[in-house]
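Student: please work out how this folds:
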Amino acid sequence: MKPKRRIALGAAVSLILLSSLGSAPAAPKCDRQCLVNLMQQYVAAMVKHDPKAVPLAANVKFMENAAVMPIGKGLWETASGGPTAFQIYAADPVAESVACLLVMKEKDKDILLGAHLKVVDGKITEADHLVARGNVNGSLPTLQKPRPGLVEDVAPSDRMDRGELIKVGLSYYDALTGEDGTFAPFAGDCERHENGAVSASSNPPEPKAQTDAKPNPELEKMMKAMAAIPRTCEGQISAGVFAYITEIDPRRLVVADVQKGIAVGISMFQHDGHLQTIPIKGVPGMDSMPGFTMQFNFPSIHFFKIKNGKIYDIETIGVSVPYGTKFGW
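Tutor: Numbering: from 1, shown residues only. You can find the predicted model right below:
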């Protein structure tokens, strides 16, 4: 009987130890301001090229422009200043997830950074970067400071819950692939900016000619044709101008910020270049426009400002990558 008693006693001690380990206090969850502070700390650490200045998990995953790389590479090596006054943050304490979209410097040139961090037990477990380089001009009026709606709190009486924000944010991608602007609840004065340029508005600016060192003739033709098409967020989509998008996959909402009324989506736009012409719907005297026959993928991050169930502001950046590129994880 004595051996059995020793076994029973040992089992009891093991259960006590396991119980004490299981009840050890977890790291306190990061609230909204904590998450924003962490993102600002993260950007500052990049400018100093010092990953040790932020709480990284031992198995942290890092991806920049859809490519997986070791933390400390990419923009961690090349950031040289910033951010400027153009800074947008959205944070989700429930998901412990935070995103930013801002203008900063890389090798003393303006870039746009869209970044997302996932936090578990006080440590950063995932870090995603989208870095728009090349033609980013930080002196553009649209990149001097964020539109007010993207930084203002939503009045408590007008706030939507997380589930509603996520549903509305995801509906944008359904509208694009369905070529029907009514699939998403756009406000009449919704305005979309892409890489700092106004791409949809109820009062759009006149389109300007390309100023690239190597202008793209296909894009130039498309921009001229689009000048005749409705430029509102809903009308532009319903006219069918985005038929060249083959698929948006994956598409995921990573942040739902109830306080700011912002949903943040990360997605991969796929373009297989199959359309020589794009059928146009509902535009008098115009039944088609030049197609976009280049093959490419376009990872993007979208910030959607949502109030009373309507999308008012969209701020997005994206970068061209080889066709068929997938996110690194």
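Student: domains of the protein?
Tutor: Structural domains annotated on the chain: 32-142, 149-318, as defined by automatic domain parsing.
Student: retrieve the pLDDT associated with the closest residue to residue 159 other than its chain neighbours.
Tutor: In space, residue 159 comes closest to residue 258 once its chain neighbours are excluded; the distance is 5.5 Å by C-beta to C-beta, 6 or more residues apart in numbering. C-beta coordinates here come from the backbone N, C-alpha and C atoms, glycine included. Residue 258 carries a pLDDT score of 98 in this model.
Student: next, count neighbours for residue 258.
Tutor: By the criterion of other C-beta atoms under 10 Å, residue 258 has 21 neighbours.
Student: quick check: it touching residue 162?
Tutor: Yes. Counting by C-beta atoms under 8 Å, residue 162 is a contact partner of residue 258 at 6.1 Å.
Student: show me what stretch 157-175 is in contact with.
Tutor: If you take C-beta atoms under 8 Å, 6 or more residues apart in numbering as the criterion, stretch 157-175 is touched by 92, 94, 154, 181-185, 234, 237, 248, 251, 253, 256-259, 261-265, 267, 302, 304, 306-309, 311, 314.
Student: in it, what's buried?
Tutor: Buried residues in stretch 157-175, counted by 16 or more other C-beta atoms under 10 Å: 159-160, 162, 165-173, 175.
Student: could you do stretch 86-99 as well?
Tutor: When neighbours are counted by 16+ other C-beta under 10 Å, the buried residues of stretch 86-99 are found to be 86-93, 95-99.
Student: could you give the mean pLDDT of stretch 309-327?
Tutor: Averaged across stretch 309-327, the pLDDT comes to 97.
Student: got the phi and psi for residue 158?
Tutor: According to degrees, to the nearest 10, the main-chain angles of residue 158 amount to phi -110, psi 0.
Student: again with residue 290
Tutor: Reported as degrees, to the nearest 10, the phi and psi values for residue 290 are phi -60, psi 140.
Student: one more: residue 33?
Tutor: Summarising the backbone geometry of residue 33 under the convention degrees, to the nearest 10, its torsions are phi -70, psi -40.
Student: so which residues of the stretch 151-300 of the chain form strands?
Tutor: For the stretch 151-300 of the chain, the strands defined by DSSP state E, counting those that start in this stretch cover 186-194, 197-200, 247-257, 262-271, 277-283, 286-290, 296-307.
Student: between the buried residues of stretch 157-175, which is nearest residue 29?
Tutor: The shortest distance between residue 29 and any of the buried residues of stretch 157-175, using C-beta to C-beta, involves residue 162 and amounts to 14.8 Å.
Student: check the closest one and give its pLDDT.
Tutor: On pLDDT, residue 162 comes in at 97.
Student: for residue 6, same thing?
Tutor: 40.
Student: same check on residue 228?
Tutor: We note a pLDDT of 76 for residue 228 in this prediction.
Student: go through the buried residues of stretch 86-99 and say which is closest to residue 122.
Tutor: residue 96 (9.2 Å).
Student: do I have it right that the closest one meets residue 117?
Tutor: No. With contact defined as C-beta under 8 Å, residue 96 and residue 117 do not form a contacting pair (9.0 Å).
Student: mutual contacts of these two, please.
Tutor: Both residue 96 and residue 117 are contacted by residue 35, under the criterion C-beta under 8 Å, 6+ apart.
Student: quick one: low-confidence ranges for the stretch 151-300 of the chain?
Tutor: 205-215, 218-219, 221-226 (pLDDT under 70).
Student: picking that back up, distance to residue 327 added to the domains of the chain, as TSV?
Tutor: As requested, the domains of the chain are exported to TSV (distance: least, C-beta to C-beta, whole Å):
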stretch	distance to residue 327
domain 32-142	5
domain 149-318	6
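Student: of the ones you listed, which approaches residue 329 most closely?
Tutor: Nearest of those to residue 329, taken as C-beta to C-beta: domain 32-142 at 5.9 Å.
Student: what mean pLDDT does that closest one get?
Tutor: Here the average pLDDT along domain 32-142 is 96.
Student: so how far is it off the chain centroid?
Tutor: Averaging C-alpha coordinates over domain 32-142 and over its chain gives two centres that are 12 Å apart (C-alpha atoms, centre = their mean, to the nearest Å).
Student: partners of residue 305 in the sheet?
Tutor: In this structure, residue 305 has the following beta-bridge partners (DSSP bridges): residue 262, residue 313.
Student: what's in contact with the helix or strand hosting residue 44?
Tutor: Secondary structure assignment for residue 44, by DSSP states H and E: helix 32-47. Around helix 32-47, the neighbours that count as contacts under C-beta under 8 Å, 6+ apart are 30, 51, 53-55, 75-76, 79-83, 89, 91-93, 96-100, 102, 104, 113, 115, 117, 119, 124, 127, 257, 259.
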